[in-house]
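Asker: Predicted model and sequence follow; I will ask about them next.
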Amino acid sequence: QVQLVESGGGLVQPGGSLRLSCAASGSIFTIYAMDWYRQAPGKQRELVAVITKGGAADYADSVKGRFTISRDNAKNTVYLEMNSLKPEDTAVYYCHAGWRATMTSPTIYNWGQGTQVTVSS
């Protein structure tokens, strides 16, 4: 089994920045796309950003130009650099990834436990 552990959340003022990290650990042959989702109170979980194994990235319209997703395949880690944060970015941020334990294993998808990001003055 693979564990995804997020870190880097916290309280920040509007206009501020935070950097989230998500490290995968366990018996990993390869990790495919890695994503960041978020869920605000009373709202559905939404996709924020996705990055392929090769580094191609895409973003939700609400964060384009402010957030940057990146990954270090050697460390099995994905990052989310968040700039110009707004109160509406307040949510629990979750890491999500698809992986295989061996070349012939099925692809399994896991979620991290989430990290709280609060943007408030």
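Answerer: It's in.
Asker: Tell me which residue is most central in this structure.
Answerer: For the chain, residue 36 is the residue whose C-alpha lies nearest the centre (Cα atoms, centre = their mean; 2.9 Å).
Asker: Identify each buried residue in the helix or strand where it lies, please.
Answerer: Taking DSSP states H and E as the criterion, the element that holds residue 36 is strand 30-39. By neighbour count on 16 or more other Cβ atoms under 10 Å, the buried set for strand 30-39 is 31, 33, 34, 35, 36, 37, 38. In this view, the C-beta of every residue, glycine as well, is placed from N, C-alpha and C.
Asker: Which strands and helices lie in contact with that strand?
Answerer: Judged by 3 or more Cβ pairs under 8 Å, 6 or more residues apart in numbering; DSSP states H and E, strand 30-39 is in contact with strand 18-26, strand 46-51, strand 77-82, strand 91-100.
Asker: Next, format those as JSON lines and append distance to residue 4.
Answerer: Formatted as JSON lines, the helices and strands packed on strand 30-39 follow (distance: least, Cβ to Cβ, whole Å):
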{"stretch": "strand 18-26", "distance to residue 4": "5"}
{"stretch": "strand 46-51", "distance to residue 4": "14"}
{"stretch": "strand 77-82", "distance to residue 4": "9"}
{"stretch": "strand 91-100", "distance to residue 4": "5"}
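Asker: okay, those, which one's buried deepest?
Answerer: Comparing the helices and strands packed on strand 30-39 by mean neighbour count (mean count of other Cβ atoms under 10 Å), strand 77-82 ranks first with a mean of 22.
Asker: I'd like the average pLDDT over that one.
Answerer: The average pLDDT for strand 77-82 rounds to 98.
Asker: same for it, what does it pack against?
Answerer: Against strand 77-82 (3+ Cβ pairs under 8 Å, 6+ apart) you get strand 18-26, strand 30-39, strand 46-51, strand 67-72, strand 91-100.
Asker: so which of these comes closest to residue 110?
Answerer: strand 91-100 (6.0 Å; Cβ to Cβ).
Asker: Neighbouring strands - and their directions - for the closest one?
Answerer: Using DSSP bridges, the strands paired with strand 91-100 are strand 30-39 (antiparallel), strand 108-111 (antiparallel), strand 115-119 (antiparallel).
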